[in-house]
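S.K.: Below are the sequence and a predicted model for it; my questions follow.
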Amino acid sequence: MNAVSFSHTSTTKVFSGILTTMRMRNLVIGLLFLTVLSPILLYTDKLSSSFTPSSSKQEDVNAFTLPTDTRHLNVLPQEESSTVIKEPIGIVYTDHINSSSNTILTEKDLQLPDAREHKYARVLSATDDEGHSQTDNIIKQIIQTTNQEEEESQSDNGSDQESQQKTQVQLEQQSAVNSGDDDEKDALLTETNKQTDQTAMPDARVRQLRDQLIKARVYLSLPATKNNPHFTRELRMRVKEVQRVLVDATKDSDLPKNAYAKLNAMDQLLEKGKQMQDDCATMVKKLRAMLHSTEEQLRVHKKQTMFLTQLTAKTLPKGLHCLPLRLTTEYYNLNSTEQQFPNQEKLDDPSLHHIALFSDNVLAAAVVVNSTITNSKHPSKLVFHIVSDRLNYAAMRMWFLVNPPGVATIQVQNIEEFTWLNSSYSPVLKQLGSRSMIDYYFRAARASSDSNLKYRNPKYLSILNHLRFYLPEIFPKLNKVLFLDDDIVVQKDLTGLWSLDLKGNVNGAVETCGENFHRFDRYLNFSNPHISKNFDPRACGWAYGMNIFDLKEWKRQNITDVYHTWQKLNHDRQLWKLGTLPPGLITFWKRTHPLDRRWHVLGLGYNPNVSQREIERAAVIHYNGNMKPWLEIGIPKYRSSWAKYVDYDHAYLRECNINP
């Protein structure tokens, strides 16, 4: 009986203990839930209320300001000493809350791969205009922080596989930001990308590929690379791939579609090579040697380019060689009556508009005549006086007999007909035939001098180039003459030039002193006392190519004698080298009337940056320089302005294979 009673009492105590334990456990669990979940629920409710637009809450938005420093992205708001409450960026990681503590994990504490997918999942934004601009700044900072973290993680890990994974994660993060609820984020990122594309260099990727080739060649020459045959083979293969991608590419648009993939592959391989190197001093020496070698090669290539450009400028293309031969043959098949031009009675009429053109290039002269007539308001008043040399005289006449200038009048003369122009009268003719001048042009030992290379153009040996100083002798009955070079195109009516008041000056020309190298000291030798005593080195230069000359003033001021005097002083080329502009600057010193710049725009034969607006406004455009529009080296974007005045369907041009 006592045993049964004891057993019953023991059982009762056990059950009582169990019940007490269960109650304590439930109480503990309840407290845990309360302490852990209540802050989350409260803060989540706060976040949702901040994203819910309402008229009452909009009034309080201005009381909140977002922090500018986003390096510490804490979840809970930070208390400041000021009265203004600042709300940080709220980031909630719902899947990674530690149930055993009441601490919410922050971005910095959380390093799990799947946590990165929720990174920046929710960003507080204000609804007023000020709030939008602050949010935009925060987005930019978030993206920059993300990029910095990715770069740091990639530099810490050299594995190709992990690098590719991190690049993919970065793209996913940026995509997550772009696909957010706020449309303004999309607009901001799009605008940022556009600005980045606009500010990037057009050949940035080409330059990066070339830099990779240089770096790869350095690695191939280092001992650490040579000791790794597998890496060497792979690097050589990548070098060939990049070389095939580059070929003749000068800008990014020239690259094939797979260029970016090749760039990334080479970049990853070079990163491997970088980790293999342990001797930085050797690499520095190699790079310096390569830099010195490259600079030397660049200098040589520049010299060769200059020489070849000058050579091309002096060389007559086959088509332009064929054309005068073909025309000359046809001309001498005509009878004497068929070889004459009409309206020859107008040649000495001073009331008409006379144009002087001295050229040995049939096609260039044709463009000058055609463009002038096409854009003239009074073509019947135009009289063209063309002077050519003995070789091209017949071809020039034949071209304009076959292609008459309409109602305009034309005259073609042979320079050999000017019997008064001889070495006893003209100092320049005497100098051009001297032994020193022939040696200067034809001695091979002097051909390597860069400074003199441009002066070896055959035009400087041609008296056609110096006829501009003998206009009163060529046209004794005329009062005004418009001089045009054969490398110009007339785009507007030139009638106003003949009625222009030159205010007692002989020459009307457009000044070219907008840049320093177009002043007198650029063309004349001011170390010579004859020059330094008579001229100002900073005086403004002007342009030959379109000049209106007052022949009455020319005769009155005896300009031809002034030219002869200075030409004699320059017999040893100590005052200036060759050409006609330096003696022109001297001869017409203080006798030149400046014209409006819109009359004459220069530089289309050497300067690829002439303003399109200036070209469109110009009455005359001038292809001065070596890159003439009829040569293959001509600047492509300017060629159409010249080519539209050439009839490429003409029988003679087709026979000589002259194409646009």
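M.R.: Nice, I can see it.

S.K.: where in the stretch 251-400 of the chain is pLDDT low?
M.R.: Applying pLDDT under 70 to the stretch 251-400 of the chain picks out residues 278-279, 310, 313-314.

S.K.: What residue spans form the domains of the chain?
M.R.: 203-311, 318-443+451-656 (the TED database).

S.K.: Make JSON lines out of the ones you listed and add mean neighbour count and distance to Met22.
M.R.: Any C-beta I mention is one placed from the backbone N, CA and C, and that applies to glycine too. Below are the domains of the chain laid out as JSON lines (neighbours: other C-beta atoms under 10 Å; distance: least, C-beta to C-beta, whole Å):
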{"stretch": "domain 203-311", "mean neighbour count": "14", "distance to Met22": "62"}
{"stretch": "domain 318-443+451-656", "mean neighbour count": "17", "distance to Met22": "90"}
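
S.K.: Out of those domains, which is closest to Arg23?
M.R.: Closest to Arg23 of the domains of the chain is domain 203-311 (C-beta to C-beta; 63.5 Å).

S.K.: Span of the closest one from start to end?
M.R.: Taking C-alpha to C-alpha, to the nearest Å, domain 203-311 runs 30 Å from one end to the other.

S.K.: hmm, back to that, mind giving me TSV with the domains of the chain and columns for distance to Thr21?
M.R.: Below are these laid out as TSV (distance: least, C-beta to C-beta, whole Å):
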stretch	distance to Thr21
domain 203-311	61
domain 318-443+451-656	91
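
S.K.: right, so of those domains, which gets closest to Ile18?
M.R.: Per C-beta to C-beta, nearest to Ile18 of the domains of the chain: domain 203-311, 64.7 Å.

S.K.: ok, for Gln212, nearest residue in space, not its chain neighbours?
M.R.: Met266 (4.9 Å; C-beta to C-beta, 6 or more residues apart in numbering).

S.K.: Mind telling me what element the one you found is part of?
M.R.: Using DSSP states H and E, Met266 maps to helix 259-276.

S.K.: Met398 falls within a helix, correct?
M.R.: Yes. Met398: assigned to a helix according to DSSP: H, G, I helix; E, B strand; the rest coil.

S.K.: Going forward, count from 51.
M.R.: Sure thing, new numbering starts at 51, so read that last one as Met448.

S.K.: So it sits against Asn383, correct?
M.R.: No. With contact defined as C-beta atoms under 8 Å, Met448 does not reach Asn383; the gap is 9.5 Å.

S.K.: Roughly how far does the residue nearest to Gln262 sit from Leu263?
M.R.: Here the distance between Met316 and Leu263 works out to 8 Å (C-beta to C-beta, to the nearest Å).

S.K.: Can you work out which residues contact both of these two?
M.R.: Both Met316 and Leu263 are in contact with Val292, where contact means C-beta atoms under 8 Å, 6 or more residues apart in numbering.

S.K.: I'd assumed Pro367 was in contact with Asn707.
M.R.: No. Taking contacts as C-beta under 8 Å, Asn707 lies outside contact range of Pro367: 9.7 Å.

S.K.: Of the two, give the one with the bigger neighbour count.
M.R.: Pro367 (16 against 11; other C-beta atoms under 10 Å).

S.K.: phi, psi of the more buried one?
M.R.: phi -60, psi 150 (degrees, to the nearest 10).

S.K.: separation between it and Lys618?
M.R.: Remark: distance between Pro367 and Lys618 (C-beta to C-beta) = 38 Å.

S.K.: Wait, Val612 touches Thr637, no?
M.R.: Yes. Between Val612 and Thr637 there is a contact under C-beta under 8 Å: 5.2 Å.

S.K.: Kindly list the main-chain dihedrals of Asn464?
M.R.: Dihedral pair for Asn464: phi -100, psi 130, per degrees, to the nearest 10.

S.K.: Leaving out sequence neighbours, find the closest residue to it.
M.R.: The spatially closest residue to Asn464, leaving aside those adjacent along the chain, is Tyr443, at 4.2 Å (C-beta to C-beta, 6+ apart).

S.K.: still on that earlier bit, so which elements touch the helix holding Met316?
M.R.: Judged by 3 or more C-beta pairs under 8 Å, 6 or more residues apart in numbering; DSSP states H and E, helix 309-326 is in contact with helix 210-228, helix 254-270, helix 273-276, helix 279-296.

S.K.: Just the CA atoms of the last one, as PDB, please.
M.R.: These are the backbone C-alpha positions of helix 279-296, laid out as PDB (Å, rounded to 0.1, in the frame of the first residue of the first chain):
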ATOM      1  CA  PRO A 279      55.400  26.900 -73.500                       C
ATOM      2  CA  HIS A 280      51.700  26.400 -73.000                       C
ATOM      3  CA  PHE A 281      51.200  30.000 -72.100                       C
ATOM      4  CA  THR A 282      53.500  31.100 -74.900                       C
ATOM      5  CA  ARG A 283      51.500  29.200 -77.500                       C
ATOM      6  CA  GLU A 284      48.300  30.600 -76.300                       C
ATOM      7  CA  LEU A 285      49.600  34.200 -76.200                       C
ATOM      8  CA  ARG A 286      51.000  33.900 -79.800                       C
ATOM      9  CA  MET A 287      47.600  32.700 -80.900                       C
ATOM     10  CA  ARG A 288      45.900  35.700 -79.200                       C
ATOM     11  CA  VAL A 289      48.400  38.100 -80.800                       C
ATOM     12  CA  LYS A 290      47.500  36.700 -84.300                       C
ATOM     13  CA  GLU A 291      43.800  37.100 -83.500                       C
ATOM     14  CA  VAL A 292      44.100  40.700 -82.400                       C
ATOM     15  CA  GLN A 293      46.300  41.500 -85.500                       C
ATOM     16  CA  ARG A 294      43.600  40.000 -87.800                       C
ATOM     17  CA  VAL A 295      41.000  42.100 -86.000                       C
ATOM     18  CA  LEU A 296      42.900  45.300 -86.300                       C
END
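
S.K.: Packing partners of it?
M.R.: Other helices and strands packing on helix 279-296, by 3+ C-beta pairs under 8 Å, 6+ apart, are helix 254-270, helix 273-276, helix 309-326.

S.K.: Let me have those in a markdown table, extended by distance to Leu654.
M.R.: As requested, those are exported to a markdown table (distance: least, C-beta to C-beta, whole Å):
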| stretch | distance to Leu654 |
| --- | --- |
| helix 254-270 | 27 |
| helix 273-276 | 50 |
| helix 309-326 | 34 |
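
S.K.: Out of those, which gets nearest to Arg349?
M.R.: When these are compared (using C-beta to C-beta), the closest one is helix 254-270, at 17.8 Å.

S.K.: Please enumerate the strands of the stretch 601-710 of the chain.
M.R.: Secondary structure of the stretch 601-710 of the chain (DSSP state E, counting those that start in this stretch): strands at 642-644, 650-651, 670-672.
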